[in-house]
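[1] my questions concern the predicted model and sequence given below.
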Amino acid sequence: MACDRVRPLLPLLADGELSLTRRWMVSRHLARCPDCAAQLEDLQTMRTAMRTNLPFHQAPPDLAARIGNVLPREMPPVPIGRGSRLTLAGRTFAFAGSTFAGALAGVALTFLVMNGRADDAMTQAVLNSHVRSMMADHLTDVLTEDRHTVKPWLSARLDVSPPVPDLAPEGFPLVGGRLDYIDGHRAAAVVYRRDKHVINLFAWAAPNTADAGFRQEARQGFNLMTWRHDGVAYCAISDLEADQLQTFSRLVAGD
Amino acid sequence: MAPDDRKRRFELLALPHLDAAYNLARWLAGNGADAEDVVQDAYLRAFRYFDAWQGGNFRVWLLTIVRNSFMTWAKENRTPRMVFRSESPADDGGEIADIVWGHQPRDPESLLLESIDSQTLTRLMERLPAEYREVLLLREVEDLSYKEIATVVSVPIGTVMSRLARARLALRRLWLSNESREAAHGV
């Protein structure tokens, strides 16, 4: 391929929008054309600077409540069902007239617990927890970029010692960790970030289960990667692109 | 579906994306108060048309509605904020071969590109035409694919490609001229 054919494809390459064949053709050209390679690097530098420095405006804390108030009102749901801890928490929130977001998270969870099919209860639980961690402003119990703080903190409170690798060089800085409950298990939630996107990495003990390879799933605008290794079940969830979440999961698994 | 089920299902799907919705509205509207109005309107609309959602990526669907709400709001309030220019034929044609990134490789410019702070970047973004600003945001902050951006902005994919290329080029020019100006003033 000639330079003038390659140049317009460089943004598509950087954005992950090239087909495998074209990607291969462009890479072959880049390997022996320093001009085009420099141009790609320049573009990527600019993209990284934007991704790192573009301010992300978070919604004001009371906006969810105000939206809830203007949505057509209905009778509050009666919480029934399996009476999980999360349902109870939701009911308490609602009863106490706590913040709308809190109540809503509880209500949403009740709904999921009631409606989730048994075979994907785990996936739903992970999704709920991810959503709750972002809505209820309870992302971390221990907020630190230092993995040597997060790991012992979690290990001391759980029957698993989750891997907390340093992935900052790969572009996934550590945010912190917290305790969580997934599908009736105490679980470690290790929180990483990719640009503005939060990744929750859940790990819980799954004794007497066989290892299982990566399984990818998309649900409600979020991507999930699950796998099992050495009696520990893992699930990474984020609104990150699927291939980036896969990269992240492979790094965690040391694959 | 029972009405309260419908509402709960909507809230479950829509509220986790509130920050994304607000961020887009905030960038489009340019201030927090107007962004809140736009987001609130968008959520009402989304709830009203919830049954029309065909599955697929809910965030993309929601962001499309946020953008539409903003356009309506901008029209009603006659804000000069978002005058989307009519597209030139070249922009619609999806031809990006003529957009030259244009510089000699390995020059010091590359170094300048790395050193930018949020404040400066925000200022430069604000100087871009609205249609450039939004594609850059959807790509770099929301991480949407070309196809998803095409859905949100309601243009063909070819237009997304060319617009994104032009937007990056425009931002890059502002960026570099900003740097050289600061350098000249000894900042």
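    Cool, the structure landed. Every value quoted in this text rests on a predicted model; they were computed, and no experiment measured them. Residues are numbered from 1 along each chain as shown, chains lettered A, B, ... in the order given.

[2] just say helix, strand or coil for the closest residue to B:Thr122 other than its chain neighbours.
    Computed as CB to CB, 6 or more residues apart in numbering or on different chains, the closest residue to B:Thr122 that is not its neighbour in sequence is A:Pro55, at 5.8 Å. Every residue, glycine included, has its C-beta placed from N, CA and C. On the three-state scheme (DSSP: H, G, I helix; E, B strand; the rest coil), A:Pro55 is labelled coil.

[3] same question, the one 4 residues further on
    With three-state DSSP as the basis, A:Ala59 sits in coil.

[4] nearest residue to it other than its sequence neighbours?
    Distances taken as CB to CB, 6+ apart place B:Tyr22 nearest to A:Ala59, at 3.7 Å, with adjacent residues excluded.

[5] in the chain, which spans are helices?
    Using chain A. A:3-6, A:10-14, A:20-32, A:34-53, A:63-70, A:85-95, A:100-115, A:121-135, A:147-155, A:242-253 (DSSP state H).

[6] can you look at chain B instead?
    With helices called from DSSP H, chain B shows them at B:3-14, B:18-29, B:32-48, B:58-76, B:89-93, B:109-114, B:118-127, B:130-140, B:146-153, B:157-184.

[7] which one of those lies nearest to A:Val191?
    A:Val191 sits nearest to helix B:18-29 of all the helices of chain B, at 15.6 Å, using CB to CB.

[8] which residues does the closest one contact?
    A:56-60, A:63-64, A:67, A:134, A:239, B:32, B:34-36, B:38-39, B:42-43, B:59, B:62-63, B:66-67, B:69-70, B:73, B:81-82, B:125, B:130, B:133-134, B:137-138, B:141-142 (CB atoms under 8 Å, 6 or more residues apart in numbering or on different chains).

[9] follow-up on the earlier one: lowest average pLDDT across the helices of chain A?
    Ranked by mean pLDDT, the helices of chain A bottom out at helix A:85-95, with a mean of 33.

[10] low-confidence stretches in chain B?
    B:1-4, B:78-115, B:179-187 (pLDDT under 70).

[11] got the domain ranges for it?
    Structurally, chain B divides into domains by automatic domain parsing as follows: B:3-82, B:89-184.

[12] cool, and chain A?
    In the assignment given by automatic domain parsing, the structural domains of chain A cover A:3-43, A:140-253.

[13] rebuild these as a markdown table, extending it with distance to chain B.
    As requested, the domains of chain A are exported to a markdown table (distance: least, CB to the nearest CB, whole Å):
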| stretch | distance to chain B |
| --- | --- |
| domain A:3-43 | 3 |
| domain A:140-253 | 4 |
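
[14] need these in CSV with mean neighbour count, can you?
    Output for the domains of chain A, formatted as CSV (neighbours: other CB atoms under 10 Å in any protein chain shown):
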stretch, mean neighbour count
domain A:3-43, 16
domain A:140-253, 18
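
[15] tabulate those domains (a markdown table), appending distance to A:Val126.
    Output for those, formatted as a markdown table (distance: least, CB to CB, whole Å):
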| stretch | distance to A:Val126 |
| --- | --- |
| domain A:3-43 | 25 |
| domain A:140-253 | 5 |
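
[16] for B:Arg166, which of these is the nearest?
    Closest approach to B:Arg166 among the domains of chain A (CB to CB): domain A:3-43, 10.6 Å.

[17] so how far is the first residue of that closest one from its last?
    16 Å (CA to CA, to the nearest Å).

[18] tell me the bridge partners for the spatially closest residue to A:Val190 that is not a sequence neighbour.
    Spatially, and ignoring its direct neighbours in sequence, A:Val190 is nearest to A:Leu201 (4.5 Å; CB to CB, 6+ apart). Listed beta-bridge partners, A:Leu201: A:Val190, A:Ala236 (assigned using DSSP bridges).

[19] enumerate every residue touching A:Leu201.
    The contact partners of A:Leu201, taken as CB under 8 Å, 6+ apart, are A:Pro162, A:Ala189, A:Val190, A:Val191, A:Tyr192, A:Tyr234, A:Cys235, A:Ala236, A:Val252.

[20] isn't the last one right up against A:Cys235?
    No: between A:Val252 and A:Cys235 no contact is recorded; they are 10.8 Å apart, counting by CB atoms under 8 Å.

[21] burial of B:Leu13, as a residue count?
    Residues near B:Leu13, counting by other CB atoms under 10 Å in any protein chain shown, number 20.

[22] now do the contacts for it.
    Neighbours of B:Leu13 in contact, by CB under 8 Å, 6+ apart: A:Gln220, A:Gly221, B:Phe58.

[23] repeat the analysis, applying 7 Å as the threshold.
    Taking CB atoms under 7 Å, 6 or more residues apart in numbering or on different chains, we find B:Leu13 in contact with A:Gln220, B:Phe58.

[24] measure the residue nearest to B:Glu126 when sequence neighbours are not counted to chain A for me?
    Closest residue in space to B:Glu126, ignoring its immediate chain neighbours: B:Gly30 at 7.3 Å, by CB to CB, 6+ apart. Using CB to the nearest CB, to the nearest Å, one gets 11 Å for the distance from B:Gly30 to chain A.

[25] count the neighbours of B:Tyr49 for me.
    Counted with other CB under 10 Å, B:Tyr49 comes out at 11.

[26] what is the neighbour count of the residue lying closest to it once chain neighbours are set aside?
    Leaving out its chain neighbours, the residue that sits closest to B:Tyr49 by CB to CB, 6+ apart is B:Ile65, at 7.6 Å. The tally of other residues near B:Ile65 (other CB under 10 Å) stands at 23.

[27] wait, B:Ile65 sits on B:Arg45?
    Yes: with contact defined as CB atoms under 7 Å, B:Ile65 reaches B:Arg45; the gap is 5.4 Å.

[28] which residue packs closest to B:Trp53, ignoring adjacent ones?
    In space, and not counting its chain neighbours, B:Trp53 is closest to B:Trp61: 5.5 Å by CB to CB, 6+ apart.

[29] distance of that neighbour relative to B:Glu148?
    10 Å (CB to CB, to the nearest Å).

[30] among the two, which residue is more densely surrounded?
    Each of B:Trp61 and B:Glu148 has its neighbours counted (other CB under 10 Å); B:Trp61 has more, 24 against 21.

[31] where does the stretch 151-255 of chain A dip in pLDDT?
    For the stretch 151-255 of chain A (pLDDT under 70), the answer is none.

[32] please name the bridge partners of the closest residue to A:Ala210 other than its chain neighbours.
    Using CB to CB, 6+ apart and skipping the chain neighbours, the partner closest in space to A:Ala210 is A:Arg228 (7.2 Å). Counting by DSSP bridges, A:Arg228 is bridged to A:Ala212, A:Ala233.

[33] wait, doesn't A:Arg228 sit right on A:Ala205?
    No: judged on CB under 7 Å, A:Arg228 makes no contact with A:Ala205 at a distance of 10.7 Å.
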